[in-house]
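Chemist: Sequence first, then the predicted structure, then my questions.
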Amino acid sequence: MPDNIAFLTNRTQLGHVGRALGSSTRPAWAIAVLASVLIFTTVVDVLGNLLVIISVFRNRKLRNAGEISGFLMGLSVIGSVFNITGIAINRYCYICHSFAYGRLYSYRNTLLLVALIWTLTILAILPNFFVGSLSYDPRVYSCTFTQTVSSSYTVVVVVVHFLVPIAVVTFCYLRIFVLVIQVRRKVKSEERSRLRPSDLRNFVTMFVVFVLFAICWAPLNLIGLVVAIDPEVMAPRVPEWLFVVSYFMAYFNSCLNAIIYGLLNRNFRKEYKRIVTSVWIPRRFVTETSKAATDGMKSKPSPAINNNE
């Protein structure tokens, strides 16, 4: 019985900490600015990812197995980081282990990899419902992960969902970068035919996606580690403005991928223009989209076709 009372007392104290963090008042202009940023990010996220989906549907050059997981990014935070990790491993195998790539990333293996990524994503989300770490945070007007509920769980989340994937992705891209330098210096001439300019452009695109993801999510995860040291003591010491900025930086990342694809990928840029133009002529939009779907069913794109040529 004393143990139960102590447990309930700790949970109550942590609850008071959480409520205290969001109890401060804000001027009307600050609320309006934060709400506007939230709305803008949501609109750009929806429209941007819709452009990506329609582009892939209409242009079969954009449909290769290596990019499947990339188009699924943004569905969830954990799914995003796991997908980015999967893409980095894919690029690493393609460029650094090109002879084994066809065997490792066959059509069947690619589907299994995507299924594994989302299975791990679901398994990673489930503990939130048992720990009770999802609650409304008035500081950001959203239901979000509460860092003060469980110190140990917060540390596990930061390590498994951020630090480990970041370490894996960093290793993959460093190895790719080293190999690219070696090829350019003609150290490994046998790899030269494998590294086409379009391959390097794809590598740059996904590397930019990774860098922006790390930049946007690092502050919030670092705050989580600091708070996990001692939630009752450290949580009130984190400035509210710092937490809010970190949260919105992480939230804003979800709308960046579509912009990156448009800036760095010629085929996406071309499809974006065609979609935006044809949207003003509904009949043309429906006709072109239907034609793209028909062409896609008639012919399966070769893995050799690159989506950035």
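Modeler: That came through fine. Keep in mind the model is a prediction, meaning the values are calculated, not measured. Numbers count the residues shown, from 1 in each chain.

Chemist: Check the protein for its longest helix and report it.
Modeler: The longest helix of the chain (DSSP state H) is helix 197-229.

Chemist: Tell me the buried residues in that helix?
Modeler: 199-203, 205-210, 212-214, 216-221, 223-225, 227-228 (16 or more other C-beta atoms under 10 Å). Where C-beta positions appear, they are placed from N, C-alpha and C, glycine not excepted.

Chemist: Same check on stretch 251-262?
Modeler: Tyr251, Phe252, Asn253, Ser254, Cys255, Leu256, Asn257, Ala258, Ile260, Tyr261, Gly262.

Chemist: Between those, which sits nearest Ile89?
Modeler: Asn257 (18.2 Å; C-beta to C-beta).

Chemist: Roughly how far does the closest one sit from Phe213?
Modeler: 9 Å (C-beta to C-beta, to the nearest Å).

Chemist: what secondary structure does Gln147 sit in?
Modeler: coil (DSSP: H, G, I helix; E, B strand; the rest coil).

Chemist: Contacts only, for it.
Modeler: Shown in contact with Gln147 (C-beta atoms under 8 Å, 6 or more residues apart in numbering): Thr154, Ile223, Gly224, Val227, Ala228, Pro231, Ala235.

Chemist: Please repeat the previous calculation with a cut-off of 6 Å.
Modeler: Contact partners of Gln147, counting by C-beta atoms under 6 Å, 6 or more residues apart in numbering, are Thr154, Gly224, Val227.

Chemist: What confidence value was assigned to it?
Modeler: Among the per-residue scores, Gln147 holds a pLDDT of 78.

Chemist: which phi and psi does it have?
Modeler: Main-chain torsions, Gln147, degrees, to the nearest 10: phi -80, psi -10.

Chemist: quick one: Ser135 is in a helix?
Modeler: No: applying three-state DSSP, one finds Ser135 to be strand, outside a helix.

Chemist: what bridges to it?
Modeler: Thr144 (DSSP bridges).

Chemist: measure it to Arg175 for me?
Modeler: Relative to Arg175, and taking C-beta to C-beta, Ser135 is found at 41 Å.

Chemist: So between those two, which is more surrounded?
Modeler: Ranked by neighbour count (other C-beta atoms under 10 Å), Ser135 and Arg175 place Arg175 first, with 16 against 13.
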